[in-house]
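Engineer: how does the following fold in three dimensions:
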Amino acid sequence: MTLMQRMWVYQAERFPLAKTVPLLACFSAASITLSAVLAGRPLPALSAYLIGFSLVFILFFQLRVADEVKDGEDDAKYRPERPIPRGLVSLRLIVSLGVATIPLAIILALMHGAGLIWLLLLTWVWLTAMTVEFGVPDWLKARPILYLLSHMAIMPLIDLLLTGIEWLPHGAATPALWIFIALSFSNGCVLEIGRKLWAAQNERTGVDTYSKLWGPKRAALVWLAFVGVSALLLIGVGIATGFALTFTLISVLGFIFCIYAARRYACTPTPKTEKQMDTVAGLWVFGCYATAGFLPLALGGLP
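Structural biologist: Prediction:
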């Protein structure tokens, strides 16, 4: 295959654009829009949304590159079918692409101005620390909850960067925005746990999953607890925007659907329900951002 063909296979397996682009577009646009809605300001120009999507796309690709680096040894031992261990592409190529996006992100941040570059640098500092497992890889991996929380802490930082595109030119963020930033943290945990709830026959030596760590039932319960936290935070966003009843109704209905999915997986952890949990986690997060970012706008949340 040509390099382009091999890169296309790589993205399909490790950074699927069909799944990633809609979620990141919703995430970035919702963050910028809600920042304006909460502050009672008009929406920023289209360029702000384009910069926001471009930056978050670059950062998530860099997160994938960081995973390839820190998981390289384990992938070679336990997941040889992945693109890099099987020789489809080289780690050097993927790292080079990740490095090449750094100046592009800097240019985008500087184009926007208003000090956005400092929020970008802060996010990169945490991403770098994550890549080296904060200097204590064995200690951290032995504490899976702390590992999860420390790695998902990058989500509020990314959200702070995205919302900063809107609020930095005005000086400061409205305090209510921190509810939404906390929502990004809990939703990150929902996604991360949801993609590591596996069927028993799919568990593999050397591959850490929450279903293997806690068992399917307990793992599904922990996942559902994070969904519940997200639901409460989403209601908080509804209260802050003045649409508490509508947000509560959507949150409760979504949570009930997640209970149904978690219960199915916990009772019958098959490859089918494993895939469903990953899908439901993504749908929940997408729904949270779409509701928080765009529903107040649709209901007249701008002056």
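
Engineer: contacts for the one helix or strand L34 maps to, please.
Structural biologist: Under the criterion of DSSP states H and E, L34 resides in helix 17-39. Under the contact criterion CB atoms under 8 Å, 6 or more residues apart in numbering, helix 17-39 has outside partners 11, 42-44, 48-49, 52-53, 55-57, 60, 159, 162-163, 165-167, 170, 173-174, 176-177, 180, 184, 237, 240-241, 282, 285-286, 289-290, 292-294, 296-297, 301-302. Placement of C-beta: from N, CA and C, glycine included.

Engineer: okay, and which of these map to helices?
Structural biologist: Residues of those located in helices (DSSP state H): 11, 48-49, 52-53, 55-57, 60, 159, 162-163, 165-167, 177, 180, 184, 237, 240-241, 282, 285-286, 289-290, 292-294, 296-297.

Engineer: of those, buried ones?
Structural biologist: 48-49, 52-53, 55-57, 60, 159, 162-163, 165-167, 177, 180, 184, 237, 240-241, 282, 285-286, 289, 292-294, 296-297 (16 or more other CB atoms under 10 Å).

Engineer: what about G188, which SS state?
Structural biologist: helix (DSSP: H, G, I helix; E, B strand; the rest coil).

Engineer: OK, contacts around it?
Structural biologist: Applying CB under 8 Å, 6+ apart, the residues near G188 are 152, 154-155.

Engineer: same question, L63
Structural biologist: For L63, the contact set (CB under 8 Å, 6+ apart) comprises 127, 154.

Engineer: if I look at it, what pLDDT would I see?
Structural biologist: With respect to pLDDT, L63 scores 96.

Engineer: look at it and give its secondary structure.
Structural biologist: helix.

Engineer: same question, E73
Structural biologist: helix.

Engineer: check what pLDDT it gets.
Structural biologist: pLDDT at E73 comes out at 89.

Engineer: what about it, how many residues nearby?
Structural biologist: Using other CB atoms under 10 Å, E73 has 10 other residues around it.

Engineer: ok, now which ones touch it?
Structural biologist: By CB under 8 Å, 6+ apart, E73 has no neighbours at all.

Engineer: roughly how far apart are it and T209?
Structural biologist: 18 Å (CB to CB, to the nearest Å).

Engineer: CA atoms of the helix holding L34 as PDB?
Structural biologist: Extracted C-alpha coordinates of helix 17-39, given in PDB (Å, rounded to 0.1, in the frame of the first residue of the first chain):
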ATOM      1  CA  LEU A  17     -12.500  10.400  11.700                       C
ATOM      2  CA  ALA A  18     -16.100   9.400  11.100                       C
ATOM      3  CA  LYS A  19     -16.600   9.000  14.800                       C
ATOM      4  CA  THR A  20     -14.100  11.600  16.100                       C
ATOM      5  CA  VAL A  21     -14.900  14.600  13.900                       C
ATOM      6  CA  PRO A  22     -18.600  14.900  14.800                       C
ATOM      7  CA  LEU A  23     -17.900  14.600  18.500                       C
ATOM      8  CA  LEU A  24     -15.100  17.100  18.500                       C
ATOM      9  CA  ALA A  25     -17.100  19.500  16.300                       C
ATOM     10  CA  CYS A  26     -20.000  19.300  18.800                       C
ATOM     11  CA  PHE A  27     -17.600  19.600  21.800                       C
ATOM     12  CA  SER A  28     -15.700  22.700  20.500                       C
ATOM     13  CA  ALA A  29     -18.800  24.500  19.200                       C
ATOM     14  CA  ALA A  30     -20.800  23.800  22.300                       C
ATOM     15  CA  SER A  31     -18.000  25.000  24.600                       C
ATOM     16  CA  ILE A  32     -17.600  28.300  22.700                       C
ATOM     17  CA  THR A  33     -21.400  28.900  22.400                       C
ATOM     18  CA  LEU A  34     -22.200  28.100  26.000                       C
ATOM     19  CA  SER A  35     -19.500  30.500  27.200                       C
ATOM     20  CA  ALA A  36     -21.200  33.300  25.300                       C
ATOM     21  CA  VAL A  37     -24.700  32.300  26.500                       C
ATOM     22  CA  LEU A  38     -23.700  32.100  30.200                       C
ATOM     23  CA  ALA A  39     -22.100  35.600  30.000                       C
END
